[in-house]
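1. how does the following fold in three dimensions:
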Amino acid sequence: MRFIVPKYQREYVWSKKDWENLFDDILDNPAGHFLGSIICINRSDDAIQTQELELVDGQQRLTTLSLLYAAIHSRFTKFPDLDEETKHELYNLKYRLLLKGGKQLRIEPSYQNKNFQDFKVALEKAGILEDVEQPANVGNRRILKAYRYFEERLEQTNDKDVLLFGISQLRALLEKLNGASLVKIEVGSHSDAFTLFESLNNRGVPLSALDLIKNKLLAVLEKKQPDSIDENFKKWNRLLENLTDDYSVQERYLRQYYNAFKFKKEISVPKFTLATRSNIIHIYEHLIDKDAASIFADLFEKAKLYNRIIAPNDDSVPQNVARQFRDLERIGGTPAYVLLLYLLADRPSANLAEISEFFVKFFVRRSLTDQPPTRDLPGMFISIIDQLRQQEKADASEIIRQEFQKQNWFAPDKLFESKLDGNIYDENKDATRFVLCKIEEANQTKEKLTDLWERDSRGDYIWTIEHIFPQGPNIPESWVKMIADGNEEKAKEYREQYVHNLGNLTITGYNSKLGNKSFADKRDRKDAGGKFVGFKNGLYLNNELRDKNSWTVEDIRSRTKALVKEAVKLFSI
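-> The predicted structure is shown next:
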């Protein structure tokens, strides 16, 4: 059986966040973890011959899973003196990616943006294929980045420099991967595939973990106190009002509540040291059976504190604290909420503004370097709670700083700087926007403040990232002439190398209207009222651009160097 991605489909687009989620889901869950469904068109009319399935939905997952298999294969080959059992596993692993005979790939990725050739390069690096032609700039595209990400995860060591994935751990991971569940749905035509795809993506929302916990809670309370269902249901809804309408926030609160206060005898559940998405129902079933009324009352009160973190305003927390809380959410610092919730409840005198600013800097560096990995974050903040409980009279800010330093949780300066100096936008768009906004805000004056976080009626940011040298695949003739003296191939090479560098990025309010325009048009763009909205829009980030008449690779390098220097200073510890 072969899976073939149709040539009309888009290129491989998954990024580090997706690779990380897939890897951690497989690692953290027992064998049999469900990876979703894929939809294929089967036009084969000979059951004896190799079945070639056209992959209509699922190319991102299958391509990524294949790259993970390749990275595991590569990791195995780096151990000396493999025993016969491991060599046999290597053989089987190779033929999960190739048909027997080794001439055909089991999955043929998209041909868009050289995905197919890049995929073969990854398999060559893994020791599965040989003599593969190397396309230009292969390392700057997503296929090789995904493969390198998995290689790096498998080569990680602990603080004693011991491999996290020795042969036994690697074998255990492979068993989980082999045992994961993926549902394949075959149809006979594109119309059938489209109909099925629409029905799968428009089905009714299934019961969530939150629904199941609520139902259990209300049922137990009703049994103990008849006719209380309406009153308790209203109280549950008031609890949710403090957690916004976002289900992911509501579910995260239940996990973080347990993780923050599990040191208390009435909340701790035996054998559950950490609340996760996969065990949260079991934990709350136990807590509800133990004392439904008490756990409900405490959840209700703590939700009010959680609201101060996720929806801060002048009435709930001081302005300087609210500003840091908002920044923490913008940079993806939600794992720190477990500690902030504990501080609000048990250490209300803690300097929350200072602590949150410290966390913001940590998460900026972590977002770009992936150090420490996401799966380590919950345990980190829970361990700090343990330290705070042991030193109740000590300054919370100082304890937190000491613990971060002691555990060496901050990414090294050189690594952070190298990430800022690379293809930062391609690596992490949200973190890139945050860094640019913070550089801009650091250089604004009180007389001229611009709210870069303002959103329109649809919820989209009004101020967005603009690529100075356009990022689109079709480079306009004016840019080919300016950036590469008319050499189209050279212009494409420059685009892949520099287009996502910090020095080629700025902020404007009219991104969609600038796009592929010439440098001069982007610089001089005005709105209907005659106001400058291009590079002359008055932002600090555009000071260098507003007086330029051209944009070159040397300009990108120079501006990148300057902005990296500012960012390193802003987020230094």
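
2. okay, now the unreliable bits of the stretch 1-150 of the chain?
-> The model of the stretch 1-150 of the chain has pLDDT under 70 over residues 8.

3. strands of that one, residue ranges please.
-> 2-4, 34-42, 52-57, 107-108 (DSSP state E, counting those that start in this stretch).

4. quick check: which of those strands is nearest to residue 212?
-> When these are ranked by proximity to residue 212, the top entry is strand 34-42, at 17.1 Å, counting by Cβ to Cβ. No exception for glycine: its C-beta is placed from N, CA and C like everyone else's.

5. and that closest one, what's buried?
-> Of the residues in strand 34-42, those scored as buried under the neighbour-count criterion (16 or more other Cβ atoms under 10 Å) are 35, 38-41.

6. what is that strand packed up against?
-> In terms of contacts (3 or more Cβ pairs under 8 Å, 6 or more residues apart in numbering; DSSP states H and E), strand 34-42 is packed against strand 52-57, helix 59-77, strand 181-187, helix 190-201.

7. JSON lines for the ones you listed, including distance to residue 224 and mean neighbour count?
-> Listed next are these as JSON lines, based on distance: least, Cβ to Cβ, whole Å; neighbours: other Cβ atoms under 10 Å:
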{"stretch": "strand 52-57", "distance to residue 224": "47", "mean neighbour count": "20"}
{"stretch": "helix 59-77", "distance to residue 224": "46", "mean neighbour count": "22"}
{"stretch": "strand 181-187", "distance to residue 224": "39", "mean neighbour count": "14"}
{"stretch": "helix 190-201", "distance to residue 224": "41", "mean neighbour count": "13"}
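
8. and these as a markdown table, adding distance to residue 458?
-> Converted to a markdown table, these look like this (distance: least, Cβ to Cβ, whole Å):
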| stretch | distance to residue 458 |
| --- | --- |
| strand 52-57 | 27 |
| helix 59-77 | 26 |
| strand 181-187 | 33 |
| helix 190-201 | 21 |
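
9. wait, which of these is closest to residue 275?
-> Taking these one by one with Cβ to Cβ, strand 181-187 is closest: 23.8 Å.

10. for the one helix or strand residue 430 maps to, buried residues please.
-> Take DSSP states H and E as the rule and residue 430 turns out to sit in helix 429-442. Of the residues in helix 429-442, those scored as buried under the neighbour-count criterion (16+ other Cβ under 10 Å) are 431-441.

11. can you tell me the SS state at the spatially closest residue to residue 541 that is not a sequence neighbour?
-> Taking Cβ to Cβ, 6 or more residues apart in numbering as the measure, residue 541 lies nearest to residue 506, with 4.9 Å between them; neighbours along the chain are not counted. Classification of residue 506 using DSSP: H, G, I helix; E, B strand; the rest coil returns strand.

12. what about residue 506, distance to residue 390?
-> Counting by Cβ to Cβ, to the nearest Å, the separation of residue 506 from residue 390 is 48 Å.

13. when these two are compared, which one has more neighbours?
-> With other Cβ atoms under 10 Å as the criterion, residue 506 and residue 390 differ in neighbour count, and residue 506 comes out ahead with 24 against 9.

14. next one, pLDDT for that one please.
-> In the predicted model, residue 506 carries a pLDDT score of 95.

15. re earlier: need the buried residues of strand 34-42 in TSV (columns: distance to residue 175).
-> Listed next are the buried residues of strand 34-42 as TSV, based on distance: Cβ to Cβ, whole Å:
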residue	distance to residue 175
35	15
38	22
39	27
40	26
41	32
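
16. run a quick neighbour tally on the closest residue to residue 112 other than its chain neighbours.
-> Counting by Cβ to Cβ, 6+ apart, residue 112 lies nearest to residue 11, which is 3.6 Å off, once chain neighbours are set aside. As a burial measure, the neighbour count of residue 11 was computed by other Cβ under 10 Å and equals 18.

17. who's in contact with residue 11?
-> Shown here is residue 11, whose contacts under the criterion Cβ atoms under 8 Å, 6 or more residues apart in numbering are 110, 112-113, 115, 142.

18. ok now do residue 289, which residues does it touch?
-> In this structure, residue 289 makes contact with residue 220, judged by Cβ under 8 Å, 6+ apart.

19. how close does it get to residue 221?
-> When distance is defined by Cβ to Cβ, residue 289 is 12 Å away from residue 221.

20. picking that back up, nearest to residue 539 among the contacts of residue 11?
-> Checking the contacts of residue 11 against residue 539 with Cβ to Cβ, the nearest one is residue 142 at 30.4 Å.

21. which phi and psi values does the closest residue to the closest one other than its chain neighbours adopt?
-> The spatially closest residue to residue 142, leaving aside those adjacent along the chain, is residue 12, at 5.3 Å (Cβ to Cβ, 6+ apart). Note on residue 12: backbone dihedrals following degrees, to the nearest 10 are phi -70, psi 120.

22. what number of residues lie near residue 12?
-> Tallying neighbours of residue 12 according to other Cβ under 10 Å, which is how burial is gauged here, yields 25.

23. go on, the one 10 residues further on?
-> Around residue 22 sit 22 other residues, with neighbours defined as other Cβ under 10 Å.

24. my guess is it meets residue 67, correct?
-> No. The criterion here is Cβ atoms under 8 Å, and residue 22 misses it with residue 67 at 9.9 Å.

25. one step back: please identify which of the helices and strands packed on strand 34-42 is closest to residue 216.
-> strand 181-187 (26.5 Å).

26. that closest one - contacts with which helices or strands?
-> Judged by 3+ Cβ pairs under 8 Å, 6+ apart, the packing partners of strand 181-187 are strand 34-42, strand 52-57, helix 190-201.

27. export the ones you listed as a markdown table, with columns for distance to residue 122.
-> What follows is those, written out as a markdown table (distance: least, Cβ to Cβ, whole Å):
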| stretch | distance to residue 122 |
| --- | --- |
| strand 34-42 | 20 |
| strand 52-57 | 18 |
| helix 190-201 | 28 |
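
28. so which of the ones you listed gets nearest residue 495?
-> The closest of the helices and strands packed on strand 181-187 to residue 495 is strand 52-57. By Cβ to Cβ, the value is 28.5 Å.

29. contacts for that closest one?
-> Among residues not part of strand 52-57, those counted as contacts by Cβ under 8 Å, 6+ apart are 1-6, 9, 37-44, 62, 107, 184, 186-187, 190, 193, 197.

30. related to what we said a few turns ago, export the strands of the stretch 1-150 of the chain to TSV and tack on distance to residue 248?
-> TSV is the format used below for the strands of the stretch 1-150 of the chain (distance: least, Cβ to Cβ, whole Å):
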stretch	distance to residue 248
strand 2-4	31
strand 34-42	18
strand 52-57	23
strand 107-108	31
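
31. of those, which is nearest residue 166?
-> When the strands of the stretch 1-150 of the chain are ranked by proximity to residue 166 (Cβ to Cβ), strand 34-42 comes first, at 25.5 Å.

32. contact partners of the closest one?
-> Looking at what lies outside strand 34-42 - Cβ under 8 Å, 6+ apart - the contacts are 3, 22, 25, 51, 53-58, 61-62, 65, 180-190, 192-193, 196-197, 200.
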